[in-house]
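Chemist: Give me a model of this one.
(one chain, ligands or ions: 1)
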Amino acid sequence: MIKKPRHVLGISGGKDSAALAIYLKTKYPNLDIEYYFCDTGKELDETKHLIEELEVFLGKEIKRLRAARGSSEDPFDHYHKLFGGYLPSSSARWCTKKLKLEPFEEFVGSDPVISYVAIRGDEEREGYISKKSNIQSIFPFRKNIWSEDVIRKVLSNENITTIASLYSKVVSDGQLVRILDVVNTPTSLAYKPDNKLNSLLDLGISLFNKVVFEFLKNTDYPLSKCDDFTLLDNEDVLVRDDIFQIFADYGVTVPSYYNKVNFQVNEKIGHYARSRSGCFFCFFQQKIEWVWLLENHPDLFNKAMKYEKDGYTWNQNESLAELSQPKRVKQIKEDYLKNSNHKNTLNSPYLIDILEETEKDGCSICFI
Ligand code: SF4
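Modeler: Model prediction:
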C-alpha cells in the first residue's frame with residue numbers, strides 16, 4: 001500500500017510560523033497536521049508561553065524535539081562543549097544543523113512528509129529547509145507555494161511539452177492559447193525562469209498549482225502519493241500586516257518580545273524590541289537587540305557573556321563585555337535612533353519593520 005505523506009509544521013516561536021498554524025487550522029481544519037518545536041534549551045520564556053497558548057488554540061500537542069536527548073545538558077550546551085567552545089556564527093551555523101535540522105529529520109525519518117513553511121508573500125528568501133527527498137516544502141503564504149527545486153523541474157525547457165499537455169487538460173480553449181504562448185516560450189538568459197513563473201501565476205494561480213500537482217504524479221515527491229491536495233485552490237498571499245491581523249482575529253497573544261519598549265538617550269525617546277524568536281544569544285541579533293537584552297533581560301545577557309571565552313565572541317570585532325559599557329550602549333542607541341528616524345519615513349505601524357531589515361540573514365527554522 002502506498003504510504004500517504006504526513007503533514008508537519010515547525011513552530012519556531014516567531015510570529016509567522018504561529019500565524020501559519022492558526023491560518024491552516026482555521027482555513028483547512030481537515031488537514032491533519034503534526035506540529036513540532038525544536039528546543040535548543042536557550043529560548044526566551046516568551047517563546048515557551050506562545051507555544052503553550054498555541055497548543056490550547058490548536059487543541060493539539062506541539063511536539064518538543066531535542067537534540068542530544070541522552071545528555072544531561074541543554075542541547076546547545078552539549079554541542080557547544082563537543083565543538084570545544086567554538087561559538088556558532090552566520091558562516092559556521094552548527095547550531096541550526098545540530099539543534100534544528102537533525103532533530104527534525106529524525107522526527108520525520110524516512111516517511112514522506114509535506115512540510116509547511118511560513119515564508120510570507122512579501123519575502124524574497126527561500127529559507128533554510130531540509131533537502132531530503134522525502135520532505136517536500138510548501139509555502140502557503142506565498143503566491144508560489146512550491147519550492148525552488150519543484151519550480152526548476154516544472155519550468156525546465158525539457159518539460160515544455162509535458163506542461164503544455166497538462167495545461168491542455170485543465171484549461172478551456174479561450175484561455176489556453178494565451179497560456180500556451182507562455183508555456184512554449186523557452187527560458188533563456190533574456191527570459192528568466194522567474195519571469196515565466198510570474199507570467200503563469202498571473203494567468204491563474206490555482207490552474208498553475210493543478211498543473212504542478214499533476215506533473216508531480218510522475219515523480220518521487222511526497223505529493224505524488226496524494227490523490228488530491230487541498231491547497232491547490234488557495235490563492236491567498238499573506239504579508240506582514242496580515243500576520244498580525246491573524247493574531248488579533250483569533251485572540252492569540254503576539255510574543256511580548258515584539259512589543260516596543262521605550263529608551264531614552266540624549267533626552268530623546270526611542271523604542272527597541274527583539275525582532276525574532278530563537279536562542280536569546282543568537283548571533284543574528286542586531287546591536288540594538290543586544291542592548292534590549294542587556295536592559296530587559298540582564299540575567300540572560302550575563303549568561304550570553306559567559307559563553308565568550310578563549311577568543312570566541314558572539315559578534316565580530318566586539319565582545320559583549322565591551323558592548324555593555326555605558327558609553328558603547330549610548331552610542332548604539334544614538335546610531336539606532338538616527339537610523340530608525342530615517343526609516344520611520346516608511347510610516348510603518350510596527351517597530352519590527354525597522355528591526356526586521358536583516359531578517360533575511362536569519363533562518364526559516366529558527367525565526368519564522
Ligand atoms: S536561534 Fe540563532 S543561535 Fe539559536 S539555533 Fe538558530 S541560528 Fe543558532
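
Chemist: tell me the contacts of H49?
Modeler: Applying C-beta atoms under 8 Å, 6 or more residues apart in numbering, we find H49 in contact with T253, P255, S256. The C-beta positions use only the backbone N, C-alpha and C, and glycine is treated the same way.

Chemist: Give me the phi and psi angles of the closest residue to K225 other than its chain neighbours.
Modeler: Distances taken as C-beta to C-beta, 6 or more residues apart in numbering place I2 nearest to K225, at 5.2 Å, with adjacent residues excluded. Per-residue torsions, I2: phi -70, psi 130 (degrees, to the nearest 10).

Chemist: give me every residue that touches the closest residue to T219 other than its chain neighbours.
Modeler: Excluding the flanking residues, the one nearest T219 by C-beta to C-beta, 6+ apart is K153, at 7.4 Å. Counting by C-beta under 8 Å, 6+ apart, K153 touches N159, F215, T219.

Chemist: Count the neighbours of the residue lying closest to S256 once chain neighbours are set aside for me.
Modeler: Leaving aside its sequence neighbours, S256 sits nearest to E46 (C-beta to C-beta, 6+ apart; 5.1 Å). Around E46 there are 20 other residues, counting by other C-beta atoms under 10 Å.

Chemist: I'd assumed V254 was in contact with E46.
Modeler: No. The criterion here is C-beta atoms under 8 Å, and E46 misses it with V254 at 9.6 Å.

Chemist: How about the residues of the stretch 1-150 of the chain by the ligand?
Modeler: The stretch 1-150 of the chain has residues T40, P88, R93, C95, T96, L99, K100 near the ligand, with proximity defined as C-beta under 6 Å from any ligand atom.

Chemist: K309 and F83: what is the separation?
Modeler: According to C-beta to C-beta, to the nearest Å, K309 and F83 sit 14 Å apart.

Chemist: Of those two, give the one with the bigger neighbour count.
Modeler: Using other C-beta under 10 Å as the criterion, K309 and F83 rank with F83 on top: 14 against 11.

Chemist: Next, the contact list for the residue lying closest to the more buried one once chain neighbours are set aside, please.
Modeler: Residue nearest to F83 in three dimensions, not counting chain neighbours: W94, with 6.2 Å by C-beta to C-beta, 6+ apart. Contact analysis of W94 by C-beta under 8 Å, 6+ apart lists Y79, F83, Y86, P88.

Chemist: In helices, which of the residues you listed appear?
Modeler: Y79 (DSSP state H).

Chemist: Highest neighbour count among the contacts of W94?
Modeler: P88 (23 neighbours).

Chemist: my guess is that one contacts F283, does it?
Modeler: Yes. P88 is within contact range of F283, at 6.5 Å (criterion: C-beta under 8 Å).

Chemist: show me where the chain has strands.
Modeler: 6-10, 33-38, 62-65, 113-116, 135-138, 261-265, 268-272 (DSSP state E).

Chemist: Averaged pLDDT, the last one. What do you get?
Modeler: Put plainly, it is strand 268-272. Strand 268-272 shows a mean pLDDT of 91.

Chemist: buried ones in it?
Modeler: G270, H271, Y272 (16 or more other C-beta atoms under 10 Å).

Chemist: For the residues you listed, give me a markdown table that also has distance to S130.
Modeler: Shown next, in a markdown table, are the buried residues of strand 268-272 (distance: C-beta to C-beta, whole Å):
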| residue | distance to S130 |
| --- | --- |
| G270 | 39 |
| H271 | 37 |
| Y272 | 34 |
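
Chemist: residues near the residue in the chain that the ligand sits nearest to, how many?
Modeler: At 2.6 Å from the ligand, G278 is the closest residue in the chain, using C-beta to the nearest ligand atom. Neighbour count for G278, taken as other C-beta under 10 Å: 26.

Chemist: Alright, that wraps it up for me.
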